[in-house]
Every structure is written in C-alpha cells, then in structure tokens.
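Asks: sequence? don't have it. structure:
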C-alpha cells in the first residue's frame, strides 16, 4: 500500500516452488531482491520444508537440508540497513529471529512475526525463543493481533508467564481451531505510535493494488 516509502524489498524463501511465485507476486514492485535459502538460528542441517496446506510450507520433512542464519545470508548478499523485518515460517519464527540477533542488536528494526505454538511443537521449537531473543536485543513493547488480523492486546517481551498461558490456550483450545497470533515488536525508544497501529483497521480492509 505504500511502495514509494520503501527503498528495497528483500525476500528470502527456502522452498523452491514458493520461491518461483515471488516473481509473480513482486512483478509490479520496484527494487525487489529474492534470495533462495532455508533459514534457522545457525549453520546446520534441519528438516526440509513440506507443504502443510495450500499456501505454506513448514520444516517437517523427512530429509535434511543445509540452513543458515539470516545475519550471514544478508551479509553475504550485502543487504543494507533493515527497517522492518517480517517473518512467517510456520513454527520456525523463533529460530529465524535467533539467527538475526546481529541485525536486531545493531539495526533495531521493527519486527513482525507469527507466533504459532502448535507449529512450534510440530517443528520441535520453543514458543518462547522469539521473546527471549528480542528481549536480549533490547526489544520491550509488543502489539498482538489474532489470526484474523484484529488487534488483541499490548504486551512486553519479558512477560513469560502470560506467554506460557497463551501457548497453553492455543494448544488446548477446542472451539478455536489452529489459534495463533501475529506479533509486532519494537526496540526501546521506537517512535512508532502503538495505539495508532492497534487501531489501523484500514490495513485489514484495504486491498492493495499490488
């Protein structure tokens, strides 16, 4: 919705099929770079990506693939300063954030990530890793949205007891299937107006021309 405000988009995808779709999705946007690489918190082998439903893939495969941290992938591709970092990797978001610790500490971007305890369990990852990494990098404020993009609540990265309670709710809920959240995290001193962001209903309703 605001292409003139963005100098460059850098898109990283670890799935070759979905990576090919980026050409179609980004065709009308200027200054886009694509990088094919599966990410994690370090240089090691992880389970391959497999399609869990029509529009996404998760690291739950039977084979092993080489992965790398985002810090090193961006450094190798000479990616400039990062203002906004958006992650949605179906249960691996905490690991990807842990692999971006240098970016978080040195560049302090606003961070948007999916928090999905069910997929964290399925991929063998911690649902607290996201917040531990952000807290260590100087992030404090969180704005939570439910899986429909509707504002849920404000929070803090150090509220581990509350986060554990929410994880248990997501895992045990019978009436609310596949419950998860999208979270936006801000470093200390960020000038972003949290209240305006929480009330940005237009972002959920307005269709982008792109």
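Replies: Everything's here; your move. Just so we're clear, the structure is a prediction, and the values are computed from it rather than from any experiment.
Asks: which strands or helices does the helix or strand where residue 74 lies pack on?
Replies: Taking DSSP states H and E as the criterion, residue 74 maps to helix 70-76. Judged by 3 or more CB pairs under 8 Å, 6 or more residues apart in numbering; DSSP states H and E, the packing partners of helix 70-76 are strand 9-13, helix 101-107. Glycine gets a C-beta too; all of them are placed from N, C-alpha and C.
Asks: so what touches that helix?
Replies: By CB atoms under 8 Å, 6 or more residues apart in numbering, the surrounding residues in contact with helix 70-76 are 10, 12, 35, 37, 39, 43, 82, 96, 99-103.
Asks: at 10 Å what do you get?
Replies: If you take CB atoms under 10 Å, 6 or more residues apart in numbering as the criterion, helix 70-76 is touched by 10, 12, 35, 37-43, 67-69, 79-80, 82, 85, 87, 96-107.
Asks: in ChimeraX, select just the buried ones from these.
Replies: Typed into ChimeraX, the next command selects the buried ones out of the contacts of helix 70-76 (criterion: 16 or more other CB atoms under 10 Å):
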select :10,12,35,37,38,39,40,41,67,68,69,79,82,85,87,96,97,98,99,100,101,103,104,107
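Asks: thinking again about what came up before, could you list the buried residues of the helix holding residue 74?
Replies: Here helix 70-76 shows 70, 71, 72, 73, 74 as buried, counting by 16+ other CB under 10 Å.
Asks: need those in a markdown table with distance to residue 57, can you?
Replies: Formatted as a markdown table, the buried residues of helix 70-76 follow (distance: CB to CB, whole Å):
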| residue | distance to residue 57 |
| --- | --- |
| 70 | 18 |
| 71 | 23 |
| 72 | 22 |
| 73 | 18 |
| 74 | 22 |
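Asks: ranges for the strands of this protein?
Replies: Counting by DSSP state E, residue ranges of the strands within the chain are 9-13, 32-36, 44-53, 56-67, 84-87, 110-115, 139-146, 151-156, 181-187.
Asks: reformat the ones you listed as JSON lines; add mean pLDDT and distance to residue 170.
Replies: Listed next are these as JSON lines, based on pLDDT from 0 to 100; distance: least, CB to CB, whole Å:
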{"stretch": "strand 9-13", "mean pLDDT": "94", "distance to residue 170": "25"}
{"stretch": "strand 32-36", "mean pLDDT": "94", "distance to residue 170": "31"}
{"stretch": "strand 44-53", "mean pLDDT": "80", "distance to residue 170": "16"}
{"stretch": "strand 56-67", "mean pLDDT": "82", "distance to residue 170": "16"}
{"stretch": "strand 84-87", "mean pLDDT": "97", "distance to residue 170": "18"}
{"stretch": "strand 110-115", "mean pLDDT": "97", "distance to residue 170": "9"}
{"stretch": "strand 139-146", "mean pLDDT": "96", "distance to residue 170": "11"}
{"stretch": "strand 151-156", "mean pLDDT": "96", "distance to residue 170": "12"}
{"stretch": "strand 181-187", "mean pLDDT": "97", "distance to residue 170": "8"}
